[in-house]
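**Student:** quick one: sequence and predicted model below, then my questions.
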Amino acid sequence: MIDDVLANPLRHLKDSIIELILNALRNRCITDRLRGYLYLIIQEPPRKEFGDLAIPLPRLLTSCRGMDLRELASLIINSVGGSSLISRAEASGSYLNFFINTRTYGSLVLKAVRELGDRYGVPKADRPKRIVVEFVSANPIHPLHIGSGRNAVIGDFISRLLIASGHEVERRYYVDDVGLQTAYLAYGYLKLGKPEPPSGIKPDHYYGMIYAATVTVIDVLKLRNELQKAKELGDYARIKELNSRVDELMAHLQRLRDKVRKEVDKLIDELSGEEDPEASVKALMKAYEAGRPEASVIREVAEKVLEGIKETLQTLGVNIDRWDWESDLFREGLVRDVLGRAKEASNYVLHKGVPALDFKYLLQDKGLREKLRVPKGLEVPPLILVREDGSTLYTTRDIAYTLKKFKEFRADEVINVIAVEQTLPQTQLRLALHSLGFRREAENTIHYSYEMVRMSGASMSSRRGVYVTVDEVIGRMNELVKEIMQLRGGNDDTLPLKVARSAFRYMMLSTTPSKVLVFDISRALDRKQLSGPYLQYTYARAASVLRKANGVPWDKVSFEYGVEGLRRDLLWLVGAFPEVMSKTLEKLEPDDLIGHLNRLSDTFNRWYDQEPIAKEPNEVLRALKLFITEGVRLSLKVGMGILGMDVLERI
């Protein structure tokens, strides 16, 4: 069992300051509820000359009536002598600033780094849970594009963090093989005689082009039928509009034809002879949902696409524990059970002639809205369960899948990493679970939303085969790293991919998930600042220093003198790392961690350029410098590991 003080030196420091303040104010202020409040308002000043931690005094006056700021500050300052961790406190304007005793606090950080080693900074959950994280779950119709890449990296980060903190985690991928998109792909695949990818083309890329070509040819044929009717009616405005749309689609088709000429030409010939190819696609979809053998071609081609997707995830270093097929929900009777239970629900209605769940009365309960995390201002229409043609909707099937995840893993919580566009369906999912009597599941189904990814000058459409794939981006980054290595005389063949994928992962995690991410390859590979390679380079530099010095002479480390300037800043940042990790676990967001690692790297590299470390002539000061370097190295190693980046001893 790790001692709480060792596990989080900065939190222990904050606790000491808070205890000091409470003792100082105990007879003059209302302190019953002040402890938690103090922890919320204690903060790091913007500049180090203002202290290491600070308290805004006006925020305490409501608990200390009859006192002014000067008297309040004086009470606390006079009690500082009771803490060995604080050297002094000073009032500055409306703030009370605290300065650490570097000797006692440094000794605390030293003990934590030395005793915990690779476990330093890893937070431990108070109550470990069994958690399912479902992520990626891209449709098996094309390769992973950069939006799905962000999903994959975020989901993997969450999983790594939860596992490291002691939770039992199962990573699941939901293979959405039921629906029109997979039916379009299978239809084109059949018309082409079930072709295999040519040599050198990954199956997900090849079948992604088949899907786009099939959809586009059918859309062109449909528009041409509408165009013929417009000509018969003499509707010239409509004719002009349709001609423009046909030209646009033909341009997309030509681009696809440039890549798979034989396949596109054959699709045009085959589908032009069909009376209603769109109806044929829908019939194939319904047959697959009904489990008819003749429709098994959908799963056949989806499995081929998944081969390519799995290869991409392997390249990224992303692991999946369970692959769940949507069609299996029907085979196992889970969707039927959900529909049967829905008919017994009090809010089951016929909405526009089809079965639905109406949530209007549930949504009037403010407490329930909060418990189920219904976004404020979100209009939630009835959830349609079954279409007019008898086929089910995605969210209906997702109800069954959510129950499957909870049951099979005996999960306490399910986290769905899904784009922000799915906010409404995810809200309807939780409301539906509650309506069907699965209240625990409803309250513990978490939608972890993220925004889209953009690349300069690139717009995406999977229907037209227009997207930037993870494979393309990683491949381009890999080549750029190789070019840089060749110029520097490097010969490690495994290194470029490790740098490239780490740069990709860093970039995907560097922006808060709730914000749109603009991906820039040159920025992602910048070795000088704010990038994955920058963190890797800093780690390798710190590791090199320690190798040359044969490690840290722990028994010689002393804080009697020499902890000033950048050394003091680094001691603070190393000591703060466990607190940053703890907050990262609490929020399940990576930006605070990345920001801290950037700050740590910047400070270390400035220090490294200014003074010797391993070659420091003073033996005692050298030991202190090597300890600080080890603290930096461990913080980077643990942090990058949680981010899923490759930790490189040499670069």
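**Tutor:** Yep, that arrived.
**Student:** name the residues of stretch 83-90 that are buried.
**Tutor:** For stretch 83-90, the neighbour count (16 or more other CB atoms under 10 Å) marks 83, 85-87, 89 as buried. Heads up, the C-betas are built off the backbone N, CA and C, glycines and all.
**Student:** for stretch 264-280, same thing?
**Tutor:** For stretch 264-280, the neighbour count (16+ other CB under 10 Å) marks 264, 266-267, 270-271, 277-278, 280 as buried.
**Student:** and those, which is closest to Asp602?
**Tutor:** Val264 (51.7 Å; CB to CB).
**Student:** so where does the closest residue to that closest one other than its chain neighbours fall, helix or strand?
**Tutor:** Closest residue to Val264 apart from its sequence neighbours, by CB to CB, 6 or more residues apart in numbering: Arg257 at 4.1 Å. Using DSSP states H and E, Arg257 sits within helix 236-259.
**Student:** quick one: mean pLDDT for the next helix or strand after that helix?
**Tutor:** Next along the chain after helix 236-259, taking DSSP H and E as the criterion, comes helix 261-272. Averaged across helix 261-272, pLDDT comes to 96.
**Student:** cool, and stretch 123-130?
**Tutor:** 94.
**Student:** now stretch 235-255
**Tutor:** Per-residue scores along stretch 235-255 average to 93.
**Student:** now do the helix holding Arg257: which elements does it pack against?
**Tutor:** Counting contacts by 3 or more CB pairs under 8 Å, 6 or more residues apart in numbering; DSSP states H and E, helix 236-259 is packed against helix 203-233, helix 261-272.
**Student:** CSV for the ones you listed, including distance to Asn151?
**Tutor:** As requested, the helices and strands packed on helix 236-259 are exported to CSV (distance: least, CB to CB, whole Å):
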stretch, distance to Asn151
helix 203-233, 16
helix 261-272, 29
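**Student:** next, format the buried residues of stretch 264-280 as JSON lines and append distance to Gly51.
**Tutor:** Formatted as JSON lines, the buried residues of stretch 264-280 follow (distance: CB to CB, whole Å):
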{"residue": "Val264", "distance to Gly51": "68"}
{"residue": "Lys266", "distance to Gly51": "74"}
{"residue": "Leu267", "distance to Gly51": "70"}
{"residue": "Glu270", "distance to Gly51": "75"}
{"residue": "Leu271", "distance to Gly51": "73"}
{"residue": "Pro277", "distance to Gly51": "72"}
{"residue": "Glu278", "distance to Gly51": "69"}
{"residue": "Ser280", "distance to Gly51": "73"}
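**Student:** between these, which is closest to Gln314?
**Tutor:** Val264 (30.4 Å).
**Student:** pretty sure the closest one sits against Ala213.
**Tutor:** Yes. Contact criterion CB atoms under 8 Å: Val264 and Ala213 qualify, at 5.0 Å.
**Student:** about what we covered before: and the residue nearest to Val264, what does it touch?
**Tutor:** Residues in contact with Arg257 (CB atoms under 8 Å, 6 or more residues apart in numbering) are 213, 264-265.
**Student:** circling back to that earlier point, give me the common contacts of Val264 and Ala213.
**Tutor:** In contact with both Val264 and Ala213: 253, 256-257, using CB under 8 Å, 6+ apart.
**Student:** of those residues, closest to Gly639?
**Tutor:** Checking these one by one against Gly639 (CB to CB), the nearest turns out to be Leu256, at 43.1 Å.
**Student:** who touches stretch 405-424?
**Tutor:** 129-137, 147, 151, 154-155, 158, 170, 172, 324, 375, 378, 380, 402, 426, 441, 444-452, 514, 588.
**Student:** run the last query once more with 6 Å
**Tutor:** 129-135, 151, 154-155, 170, 441, 444-449, 451 (CB atoms under 6 Å, 6 or more residues apart in numbering).
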